[in-house]
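# Build me a structure from this.
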Amino acid sequence: MPTYTLRVEEDGSDEEVELMDDAAAWSALVAWSAEILKDIDGKLPPHPELTFSITEGERVVADLRVCANRPSQFPQS
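As a prediction, this is how the structure comes out:
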């Protein structure tokens, strides 16, 4: 089985996984990035941009980008 590397581009963290093919790599990327976002637990900075990618060797198989915008002031209730 090919070895793929999952990576968060902004902090350089990565994880190697063995997967059947590119379709499995895409599924792994989506699940892995969702887990990381879940672990952030609401602590994103006001205007974050995160790029999650999966590669096989030097070849980029896919990337997933998260861009968020939060107004500087929340309405008072």
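
# could you list every residue that touches the residue positioned nearest the centre of the chain?
Nearest to the geometric centre of the chain sits Phe52, at 2.9 Å (Cα atoms, centre = their mean). Residues in contact with Phe52 (Cβ atoms under 8 Å, 6 or more residues apart in numbering) are Leu6, Arg7, Val8, Glu9, Leu29, Trp32, Ser33, Ile36, Asp63, Leu64, Arg65, Val66. All C-beta spots, glycine's among them, are computed from the backbone N, C-alpha and C.

# where does the fifth one land in three-state SS?
In this case it means Leu29. Put simply, Leu29 is helix when judged by DSSP: H, G, I helix; E, B strand; the rest coil.

# OK, contacts around it?
Leu6, Phe52, Ser53, Ile54, Val61, Ala62, Asp63, Leu64.

# Same check on the third one?
Val8 sits next to Asp14, Ile36, Leu50, Thr51, Phe52 when contact means Cβ under 8 Å, 6+ apart.

# Going by neighbour count, which of those residues comes out on top?
Of all those, the highest neighbour tally under other Cβ atoms under 10 Å goes to Phe52, namely 21 neighbours.

# So that residue lies in a strand, does it not?
Yes - per three-state DSSP, Phe52 lies within a strand segment.

# so where does the nearest residue to it once chain neighbours are set aside fall, helix or strand?
Excluding the flanking residues, the one nearest Phe52 by Cβ to Cβ, 6 or more residues apart in numbering is Ser33, at 4.0 Å. Assigned by DSSP states H and E, Ser33 belongs to helix 22-40.

# Could you measure from Trp32 over to Trp26?
11 Å (Cβ to Cβ, to the nearest Å).

# Of the two, which one has the most company?
Of the pair Trp32 and Trp26, Trp32 is the one with more neighbours under other Cβ under 10 Å, namely 18 against 15.

# Hmm, Arg7 and the more buried one touching each other?
No - between Trp32 and Arg7 there is no contact under Cβ atoms under 8 Å: 9.8 Å.

# who touches both of the two?
Glu15, Phe52.
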